[in-house]
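>>> model this:
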Amino acid sequence: MKIKEIIRALERFAPLPLQESYDNAGLQCGLTETEASGALLCLDVTEDVVREAVDLGCNLIVSHHPLLFRPLRQVTDADLVQRSVRIAIQNDICIYAAHTNLDNAEDGVNYRIAEKLGLIDVEMIAPRTVSTNDANVRAASAVMGYLPVAEDSFAFLQRVKQAFGVEALQHNQLLERQIQSVAICGGAGDFMLDEALRAEADAFITGEMHYHVWFGHEQEIQIAVLGHYESEQYTREIFREVIERVAPNLPVYDTDINTNPIHIL
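As a prediction, the model looks like this:
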């Protein structure tokens, strides 16, 4: 199967028009007419990840975060991005990213977070309609679902910490009422806190939040911040499911490299 056919499947699941205006999802580098030899799945592309693809015999890397957010003025060894591009081109490796289009897609990143928490009746918060080449589709930056049985805030936070393997879970004051409705926006999602409040969610989960956004919500909503990497770590499962449906015999690997730049002491 050609790389372009795998990309086409990924874009059927998460069409590029769903991405935010600042984003650069899609093809990052490489030739898509090439037959795929294998796919390496990751959250971030680094030079070590590209070398891992070379070692595994993969000529396709599928990443959540784009390697190229901004245009390159040169390709040298000056920084991580340039080095990664140079190594990929030298080894005929194609790099593709599905970022905010996957965040905003139905059954995308936020739905996967909800699934890991055992939520039911998951729906988009403040959905919008986006026109694609094939049809009009619904998209949203956040979702809300429900715990099958309401639980106290401490038990809920323990559930979150365990499900995502979080070393240090950030949260605000413990809510003194039971939690059942949970709003989710993976990654840097504090811009959706007001929408979560309008949806009357008991809790709001995201990957990171600015300091001042925390203030004023005590006993209004339970906030839990996982870490950006932690909130999106299961994105690779989505990539794998999409690819294996169209190319069941293609070797597909999860990277063995933890690209999270943040360490907890």
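
>>> D254 contacts Y234, doesn't it?
No. Under the criterion of Cβ atoms under 8 Å, D254 is not in contact with Y234, lying 10.6 Å apart. Quick note: C-beta positions are derived from backbone N, CA and C, even for glycine.

>>> Between these two, which is the more surrounded one?
Ranked by neighbour count (other Cβ atoms under 10 Å), D254 and Y234 place Y234 first, with 17 against 12.

>>> dump the residue contacts of the more buried one.
Contact analysis of Y234 by Cβ atoms under 8 Å, 6 or more residues apart in numbering lists 112-113, 116.

>>> if you set the cut-off to 6 Å instead, what comes out?
R112 (Cβ atoms under 6 Å, 6 or more residues apart in numbering).

>>> begin at 81 from here
From this message on, residue numbering opens at 81, which makes the last subject Y314.

>>> For it, give me the pLDDT.
You'll see Y314 listed with a pLDDT of 97.

>>> for it, phi and psi?
Per-residue torsions, Y314: phi -90, psi 10 (degrees, to the nearest 10).

>>> How much space separates it from N190?
From Y314 over to N190 the distance is 11 Å, taken as Cβ to Cβ, to the nearest Å.

>>> And L277, by the same measure?
From L277 to N190 the distance is 17 Å (Cβ to Cβ).

>>> The two - which one has more neighbours?
Comparing L277 with N190 by other Cβ under 10 Å, the one with more neighbours is N190, at 33 against 14.

>>> and that one, what element?
helix 189-196 (DSSP states H and E).

>>> Just give the closest residue to L111, not the sequence neighbours.
If the residues on either side of it in the chain are set aside, L111 comes closest to C174, at 6.5 Å by Cβ to Cβ, 6 or more residues apart in numbering.

>>> Isn't that neighbour up against V142?
No. Taking contacts as Cβ atoms under 6 Å, C174 lies outside contact range of V142: 9.3 Å.

>>> list the contacts for the spatially closest residue to H179 that is not a sequence neighbour?
Leaving aside its chain neighbours, H179 sits nearest to A105 (4.4 Å; criterion: Cβ to Cβ, 6+ apart). Going by Cβ under 6 Å, 6+ apart, A105 touches 96, 99, 177-179, 181.
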